[in-house]
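*Asks:* Structure, please.
(one chain, ligands or ions: 2)
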Amino acid sequence: MATRTDLDGRPIKPLTICMIGAGGFIGSHLCEKLMSETPHKVLALDVYNDKIKHLLEPDSLPWAGRIQFHRLNIKHDSRLEGLIKMADLTINLAAICTPADYNTRPLDTIYSNFIDALPVVKYCSENNKRLIHFSTCEVYGKTIGSFLPKDSPLRQDPAYYVLKEDTSPCIFGSIEKQRWSYACAKQLIERLIYAEGAETGLEFTIVRPFNWIGPRMDFIPGIDGPSEGVPRVLACFSNNLLRREPLKLVDGGESQRTFIYIKDAIEAVLLMIENPDRANGHIFNVGNPNNEVTVRQLAEMMTKVYAKVSGETVLESPTVDVSSKEFYGEGYDDSDKRIPDMTIINKQLGWNPKTSLWDLLESTLTYQHRTYAEAIKKSIAKPSAS
Ligand SMILES: NC(=O)c1ccc[n+]([C@@H]2O[C@H](COP(=O)([O-])OP(=O)(O)OC[C@H]3O[C@@H](n4cnc5c(N)ncnc54)[C@H](O)[C@@H]3O)[C@@H](O)[C@H]2O)c1
Ligand SMILES: O=c1ccn([C@@H]2O[C@H](COP(=O)(O)OP(=O)(O)O[C@H]3OC[C@@H](O)[C@H](O)[C@H]3O)[C@@H](O)[C@H]2O)c(=O)[nH]1
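*Replies:* Ligands and ions are numbered 1, 2, ... in the order given. Below is the predicted model of the structure:
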C-alpha cells in the first residue's frame, strides 16, 4: 500500500483503534473501510458481531490479524480500560439509538447514552488517549422556526432552521415528552467531553450524524430482529415494501429529514481519524443538506425505487397515516427539520457528501431486496406457529 498522506501532506502512521459498538450499522461500515483501505488495526468491541462476521473470517482475508473482535458489554466489563490503553484512539459508537425506545425505555436510553459513556471518557482522559464520540443531530431538537406562527415568512429564513455546531441552541420538548431522553443524554455527554477537553486537555472529536442510511441499518422485524421491534424509518419502510404493506406515515409524515449515504459519511469519519490536528477539539455535523425530504416524500421515493429494483407493482394505497400515539405510544415528540450547516467540516476537513437520495436508495433497496425478499416470502407462506 503506497504511503498514505494526511490533508497536510504528512505520512499517516498506522494506528490501533479501539472501536466500541463496532458491530453496529455505522461500525460495520467503518470497519470495512479501515480494513480495505488503510493499514490501521481495529479492536472491535460489541455484544454482537453478525454485521462484521464477513470481516472476521476466514483467516485468509488480506487484513487478517488487523481486526480483533472482543465480545463485551461496556456497562460492566473490566477489560474495557485495558483495551482503551492498548489503542491510540477510541471511537465510541455504543448507544440505544432507535426512537421507538426513547419514550418506552427512557431509563435504558439515558443510561446507555450518558451513564455508560462516562467510563469511556474517564479512561481516555486518564490515559491520555484521543476520543471520537458519536453524538446525534438530535441534540439540536427542534428548529427556532418551528415556534414561529405557521404563516410567518421568517420560517423561510435559514437563520431560523439551519443547524450550526457553534451557535445553534438545543431545543427539546417538555419532560413528559420522553422522546427527548436520548437527545438530552447525548447533549450532557457532549458537555462532559467538552469540559474534559477544556479542563484536562482531553483530545476529543464529537460527531453529529444527520440520518445516515444504507445496507445493514437496524433489522427487518420478524426476519433478523424481533417481529414486534420498531427500527428506524429506513428499515420500517423497507419492511413494509418487502411485505407489500402500506408505509405508515407518523402524524402524516410532515417532518423533514436530510439523508446521507453511509459510504459518504464514512469518508468524513476516516478524515477525522487521520487528521487529528484538524479534528481535535471540534464538533462536526455530518449530513447531506441537498437530500432533504418530508417523510411522506421519502415514502413515495422508496416506493418508486423499490418497484424498480424488485419489479413488483405498487399498491393501490402505498401509504397510510398513523398517529404517533398509536405508532410510538405516549411521550413521543419530533424534530421538525434537520439541515446541517457544513461550514466547519468543509473548513477543517474539506469534505462534502456526493450521493443523491435516489441513488443511495437504489443501492440500499437493491441490498434489502436481495437480502430479505426470499426469507419474507417463506415467512408469509407459512406463518410462524401461533
Ligand atoms: N445511524 C445514524 O443515522 C445515526 C444518527 C445519529 C446518531 N447516531 C449515533 O451513532 C452511533 C452508532 O449508531 P448506529 O446507527 O451504528 O447504531 P447501531 O444500533 O447499529 O450500533 C450501535 C452498536 O452499539 C452496540 N452497543 C450498544 N450498547 C452497548 C454496550 N453497552 N456494550 C457494547 N456494545 C454496545 C450495539 O450492540 C450496536 O452494535 C450511536 O451512538 C448513535 O447514537 C447514528
Ligand atoms: O414507519 C415509520 C418510521 C418512522 N417514521 C417517521 O420518520 C422520521 C424518522 O424516524 P427515524 O426512526 O428514522 O428516526 P429520527 O430521524 O427521528 O431520529 C434518528 O436519527 C437520529 C439518530 O440520533 C438516531 O438514529 C435516531 O434518533 C420520524 O419523523 C418518524 O416519526 C414514520 O413516519 N414511519
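
*Asks:* Which residue does the protein have closest to ligand 1?
*Replies:* Residue nearest to ligand 1 within the chain (C-beta to the nearest ligand atom): G24, separated by 2.1 Å. To be clear about C-beta, it is placed using only N, CA and C from the backbone, and glycine gets the same treatment.

*Asks:* Counting neighbours, what do you get for the closest residue to T364 other than its chain neighbours?
*Replies:* Distance criterion C-beta to C-beta, 6 or more residues apart in numbering; nearest residue to T364, sequence neighbours excluded, is G214 at 5.3 Å. G214 is flanked by 24 other residues according to other C-beta atoms under 10 Å.

*Asks:* Next, G214: phi, psi?
*Replies:* phi 160, psi -170 (degrees, to the nearest 10).

*Asks:* What distance do you get for it to S28?
*Replies:* 10 Å (C-beta to C-beta, to the nearest Å).

*Asks:* How about V207?
*Replies:* Using C-beta to C-beta, V207 is found at 16 Å from S28.

*Asks:* mind listing the helices for the stretch 251-386 of the chain?
*Replies:* 262-274, 276-279, 295-310, 324-328, 343-349, 357-381 (DSSP state H, counting those that start in this stretch).

*Asks:* neighbouring contacts of the longest one?
*Replies:* Okay, so that is helix 357-381. 213-215, 220, 222-223, 234, 238, 241-243, 259-261, 288, 291, 293, 298, 301-302, 305-306, 308-310 (C-beta atoms under 8 Å, 6 or more residues apart in numbering).

*Asks:* out of the residues you listed, which are buried?
*Replies:* 213-215, 220, 222-223, 234, 238, 241-243, 259-261, 288, 291, 293, 298, 301-302, 305-306, 309-310 (16 or more other C-beta atoms under 10 Å).

*Asks:* which parts of the protein sit against ligand 1?
*Replies:* 21, 23-27, 46-48, 73-75, 93-95, 97, 112, 116, 134, 136-137, 209, 211-212 (C-beta under 6 Å from any ligand atom).

*Asks:* at 5 Å what do you get?
*Replies:* The interface of the chain toward ligand 1, taken as C-beta under 5 Å from any ligand atom, is made up of 21, 23-26, 46-48, 73-75, 93-95, 97, 134, 136, 209, 211-212.

*Asks:* Give me the subset of the residues you listed that lies in helices.
*Replies:* Among the residues of the chain next to ligand 1, DSSP state H puts 25-26 in helices.

*Asks:* In strands, which of the residues of the chain next to ligand 1 fall?
*Replies:* 46, 134, 209, 212 (DSSP state E).

*Asks:* Using the three-state scheme, assign D108.
*Replies:* Here D108 is recorded as helix under DSSP: H, G, I helix; E, B strand; the rest coil.

*Asks:* for I91, same thing?
*Replies:* strand.

*Asks:* Can you give me the pLDDT of it?
*Replies:* Note for I91: predicted pLDDT of 99.

*Asks:* Could you say which of the helices of the stretch 251-386 of the chain is packed most deeply?
*Replies:* helix 262-274 (a mean of 21; mean count of other C-beta atoms under 10 Å).

*Asks:* what's the angle from it to helix 357-381?
*Replies:* Angle, helix 262-274 to helix 357-381, by axes from the mean of the first three to the mean of the last three C-alpha atoms, to 10 degrees: 120 degrees.

*Asks:* ok, residues contacting helix 262-274?
*Replies:* With C-beta under 8 Å, 6+ apart, helix 262-274 has contacts from 4, 6-7, 12, 15, 17, 25-26, 29-30, 33-34, 37-38, 40, 89, 91, 132, 205, 207, 209, 212-215, 217, 278-279, 284, 286-288, 345, 349-351, 353-355.

*Asks:* One more: stretch 212-229?
*Replies:* 25-26, 28-29, 50-51, 98, 100, 230-232, 234-235, 238-239, 242, 259-263, 265, 286-287, 360, 363-364, 367-368, 371-372, 375-376, 379, 384.

*Asks:* can you do 7 Å?
*Replies:* Here stretch 212-229 makes contact (C-beta atoms under 7 Å, 6 or more residues apart in numbering) with 25-26, 28-29, 51, 98, 231-232, 234-235, 238-239, 242, 259-263, 265, 360, 364, 367, 372, 375-376, 379.

*Asks:* for stretch 339-346, same thing?
*Replies:* By C-beta under 7 Å, 6+ apart, stretch 339-346 touches 137, 161-165, 210, 258, 268, 282, 284-287, 289, 292, 351-352.

*Asks:* Just the ones of those in strands?
*Replies:* 162-163, 258, 282, 284-286, 292.

*Asks:* For these, which two are the farthest from each other?
*Replies:* H282 and E292 (24.1 Å; C-beta to C-beta).

*Asks:* Which pLDDT does the model give whichever residue of the stretch 251-386 of the chain sits closest to ligand 2?
*Replies:* Ligand 2 sits closest to S255 of the stretch 251-386 of the chain, with a gap of 3.7 Å, by C-beta to the nearest ligand atom. At S255, the predicted lDDT confidence score is 98.

*Asks:* got it, and S386?
*Replies:* Residue-level pLDDT assigned to S386 equals 50.

*Asks:* Equivalent analysis for M1, please.
*Replies:* The score at M1 is 59. That number is its pLDDT.

*Asks:* Just give the nearest non-adjacent residue to the closest residue to ligand 2 within the stretch 51-200 of the chain, would you?
*Replies:* Distances between the stretch 51-200 of the chain and ligand 2 by C-beta to the nearest ligand atom are smallest at T136, namely 3.3 Å. In space, T136 comes closest to K186 once its chain neighbours are excluded; the distance is 5.1 Å by C-beta to C-beta, 6+ apart.
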